[in-house]
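# After the sequence you'll find the predicted model.
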Amino acid sequence: QALNLKMGCAPAGPAGTGKTETTKDLANALAKLIYVINCSPEMDYKGLGNIFKGVASSGAWVCFDEFNRLIPEVLSVCTV
């Protein structure tokens, strides 16, 4: 149902429990292209904005791994 409504999800849990691998497996099972982005404090808002533009224009899925490492200024791009 979430796929039909074009809704996202945010798997949460302890490290090493397979969240990223499960997301990748689901994308593969649904024949969706997926990009896994490893976040770091060095990422800036312009780079994150470019990632969103590319993913939106291609129709691919994106998985932000270690999302909690982003600084608040960069996270503000995600709320728009």
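Looks like it came in fine. Numbering: from 1, shown residues only.

# Residue 27 versus the most centrally placed residue in the chain, what's the distance?
Central residue of the chain (C-alpha atoms, centre = their mean): residue 63, 2.9 Å from the mean position. Separation of residue 63 from residue 27 (C-beta to C-beta, to the nearest Å): 8 Å. For the C-beta atoms, the positions are set from N, CA and C on the backbone; glycine is no exception.

# do residue 41 as well
27 Å.

# Compare those two and say which is more crowded by neighbours.
residue 27 (18 against 9; other C-beta atoms under 10 Å).

# Return the set of buried residues in the strand or helix carrying the more buried one.
Using DSSP states H and E, residue 27 maps to helix 19-29. Within helix 19-29, the residues that count as buried by 16 or more other C-beta atoms under 10 Å are 19-20, 23, 27.

# Quick check on the residue nearest to the centre of the chain: phi, psi?
For residue 63, the backbone dihedrals (degrees, to the nearest 10) come out as phi -120, psi 110.

# for it, what are its contacts?
Residue 63 sits next to 20, 23-24, 34-37 when contact means C-beta atoms under 8 Å, 6 or more residues apart in numbering.

# switch the cut-off to 7 Å
20, 23-24, 34, 36 (C-beta atoms under 7 Å, 6 or more residues apart in numbering).

# Including pLDDT and distance to residue 51, could those go into JSON lines?
Compiled in JSON lines, the contacts of residue 63 are given as follows (pLDDT from 0 to 100; distance: C-beta to C-beta, whole Å):
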{"residue": "20", "pLDDT": "92", "distance to residue 51": "16"}
{"residue": "23", "pLDDT": "90", "distance to residue 51": "16"}
{"residue": "24", "pLDDT": "93", "distance to residue 51": "17"}
{"residue": "34", "pLDDT": "93", "distance to residue 51": "13"}
{"residue": "36", "pLDDT": "94", "distance to residue 51": "11"}
